[in-house]
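Undergrad: got a predicted structure here, sequence first:
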Protein chains: 2
Amino acid sequence: MRILITGGLGFIGSNLATRLSKQAHHITILDNLNPLYGGNKFNLHDANLDNIDLIIGDARDKELILRLVKDIDVVFHFAAQVSYIDSLNIPFEDVEVNSVSTLILLESIKKLNQKTKIIFSSSRLVYGRILQTPVAENHITAPLSLYGIHKMVSEKYLEIYQRNYGIPYVIIRITNPFGIKQQMKHNKYSIVGWFMRMAMEDKVIKIFGSGEQKRDYIYIESLIDAFNKVMLNNECENKIYNVGAGYSIKFKEMVNHIVAIVGKGKVEHIEWPTNYESIETGNFEVSLQKLHEDTGWINSCTFEEGIEKTFKYYKRYYEEYF
Amino acid sequence: MRILITGGLGFIGSNLATRLSKQAHHITILDNLNPLYGGNKFNLHDANLDNIDLIIGDARDKELILRLVKDIDVVFHFAAQVSYIDSLNIPFEDVEVNSVSTLILLESIKKLNQKTKIIFSSSRLVYGRILQTPVAENHITAPLSLYGIHKMVSEKYLEIYQRNYGIPYVIIRITNPFGIKQQMKHNKYSIVGWFMRMAMEDKVIKIFGSGEQKRDYIYIESLIDAFNKVMLNNECENKIYNVGAGYSIKFKEMVNHIVAIVGKGKVEHIEWPTNYESIETGNFEVSLQKLHEDTGWINSCTFEEGIEKTFKYYKRYYEEYF
């Protein structure tokens, strides 16, 4: 298959590209290497580069996208502004990157080949405040952040273009992903990654409030399994799937595991900043039944195993990420 | 009060500006006079121009909006791409005009004066397929068109900026407005207006299907009453209101009334075009209880009275609109 991966040097994109490059696929990667985002050329160090074309460019560039989409079978659309906290500070960038880029892809596919499938990485944050757990895909979507709104809008674009032009899609709503090849340079990309860095540098890790809120953290390998499975399974077309670990742990437990496995770092509890409280979504426990039933996928990795693999990776490739 | 009206030369904006200009308010009108939209300088012919500043410019112009919003008490945000059918053909324009322009207003108000209230004209089309009637404001929002999505996104922006910065808003979801000062040059602006023109020119009016779908058509005078009331009533802040006639008539009855009152025109039934069917929302009957309870507003005009007034207006000012 001919596959386009936007944001393909980033965390999820590069892990997927590495996996797919070892199968018989041809992969085009698009990434703008925005230093605040997750793109890192080193992320392809263990990929089969014979099967990869790398294009440095922007998912908001209409002409470029029209050129890249030609003859593509599947587009994985990962290019994104990923900080839901930041989205309120850079609203115009957030709407462009997280919503309009999807519209640009759809318009290109509409013009060139309406059989091209888009697999879109959405987020648990489209649900907003959690009204009932476990959260299934038909839970109300009432996002609390601009980030969540713009991810939801991309989902709605996919549905509308499917209905009007038959363009197939799969929407993957990811819980909290973590693991190797993630941006570690600042605290806005991933809380697990950032806390691991803090621990590795023996610093104080600050937890807002008592850290009782529950989250579902999925290790990158399991997540890539899921993307691979939905790509190959026509059953999954035009559907929305949650992907997560399938069990939640308390925020403070997440931190304690990291500190224990890294063997360094200290924990301190501090007050919630005002801005954060208004977008706190409450406990999150996800239902993965739909994905399991349609594809047989199961999460093959515990949180602790994931943290151990992640720690081992960053210890070895420290200089490429810190 | 100092009032900014975006899209203030258009259908709703100019009727409101005319009304407010006769009270003791100072009004700034912003309009880009896009020939496909509703702006028409003649629409101010009976306004008190001493109280109006007219600025020809675009609601997508960040610097202009920042300048205009200074010292304003209330912004009525009417500037919009108004054709839900067209929204799929001009997706980038639709997102810019119907979503991003609201974000630009909010960012300007956030910077200058967080007490400035925005009164936003949204649409029944945010509801999507109607699941239960009468439709109250808490009906699920699942828009079927890009237009409906982008109006919904503007609503969500208003909610988020209110929660984070305290900027007050009122959202008005309008059913099907009609009346004087509406664009009559093409069929994309208003079905009632266009059919009136067809009838006045003694042409054949084509109805898709049997015309049994029910719609709620509100005459502009009643709608302006509602905007005036919510502006003056602090009870209405940070709430969403439906505004409509409060009773629905069949599509074919709407046409028959027009033909009867105008005394010309013929009716013909034709097949639904494919594209339209996928965004047909089903019968629409609206609940106006919330607006009535909070403001005492009632619809003071029947459909027939509205059509008579509209016909009289266009007969007199034919040359300015046709």
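TA: Structure's in. What do you need? Since we're looking at a predicted model, the values are computed, not measured.

Undergrad: can we go C-alpha only for contacts and neighbour counts from here?
TA: Will do.

Undergrad: against chain B, how distant is A:His186?
TA: 24 Å (C-alpha to the nearest C-alpha, to the nearest Å).

Undergrad: no, scratch that, I was asking about A:Ile29
TA: 25 Å.

Undergrad: what residues are up against that residue?
TA: By C-alpha atoms under 8 Å, 6 or more residues apart in numbering or on different chains, A:Ile29 lies in contact with A:Leu4, A:Ile5, A:Thr6, A:Gly7, A:Gly8, A:Leu9, A:Ala17, A:Ile52, A:Asp53, A:Leu54, A:Ile55.

Undergrad: now render the residues you listed as CSV, adding distance to chain B and pLDDT.
TA: As requested, the contacts of A:Ile29 are exported to CSV (distance: C-alpha to the nearest C-alpha, whole Å; pLDDT from 0 to 100):
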residue, distance to chain B, pLDDT
A:Leu4, 23, 98
A:Ile5, 23, 98
A:Thr6, 20, 98
A:Gly7, 22, 98
A:Gly8, 25, 98
A:Leu9, 27, 98
A:Ala17, 30, 98
A:Ile52, 31, 98
A:Asp53, 29, 98
A:Leu54, 27, 98
A:Ile55, 24, 98
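
Undergrad: could those residues go into a markdown table alongside neighbour count and distance to B:Leu64?
TA: As requested, those are exported to a markdown table (neighbours: other C-alpha atoms under 10 Å in any protein chain shown; distance: C-alpha to C-alpha, whole Å):
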| residue | neighbour count | distance to B:Leu64 |
| --- | --- | --- |
| A:Leu4 | 26 | 39 |
| A:Ile5 | 25 | 38 |
| A:Thr6 | 26 | 35 |
| A:Gly7 | 28 | 34 |
| A:Gly8 | 34 | 38 |
| A:Leu9 | 32 | 38 |
| A:Ala17 | 31 | 44 |
| A:Ile52 | 20 | 46 |
| A:Asp53 | 13 | 43 |
| A:Leu54 | 15 | 40 |
| A:Ile55 | 15 | 37 |
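
Undergrad: so of the residues you listed, which ones are in helices?
TA: A:Ala17 (DSSP state H).

Undergrad: for chain A, what lies in contact range of chain B?
TA: A:91-92, A:100, A:103, A:144-146, A:149, A:153, A:156-157, A:160, A:163-164, A:275, A:278 (C-alpha under 8 Å from any C-alpha of the partner chain).

Undergrad: tell me the buried residues within those residues.
TA: By neighbour count, with 16 or more other C-alpha atoms under 10 Å in any protein chain shown, the residues of chain A next to chain B hold A:91-92, A:100, A:103, A:144-146, A:149, A:153, A:156-157, A:160, A:163 as buried.

Undergrad: and which of those is nearest B:Pro177?
TA: Distance ranking of those against B:Pro177, using C-alpha to C-alpha, places A:Ile160 first at 25.5 Å.

Undergrad: report the contact partners of that closest one.
TA: Applying C-alpha under 8 Å, 6+ apart to A:Ile160 gives the contacts B:Leu144, B:Ser145, B:Leu146.

Undergrad: tell me which element it is part of?
TA: helix A:146-165 (DSSP states H and E).

Undergrad: tell me the angle of that helix relative to helix B:146-165?
TA: Angle of helix A:146-165 versus helix B:146-165, following axes from the mean of the first three to the mean of the last three C-alpha atoms, to 10 degrees, is 170 degrees.

Undergrad: report pLDDT for the residue nearest to A:Phe178 when sequence neighbours are not counted.
TA: Closest residue to A:Phe178 apart from its sequence neighbours, by C-alpha to C-alpha, 6 or more residues apart in numbering or on different chains: A:Tyr219 at 5.3 Å. In this model, A:Tyr219 is scored at 98, pLDDT.

Undergrad: before we move on, what about the one 4 residues further on?
TA: pLDDT recorded at A:Leu223 is 98.

Undergrad: residues touching A:Phe251, list them.
TA: A:Gly211, A:Glu212, A:Gln213, A:Lys214, A:Arg215.
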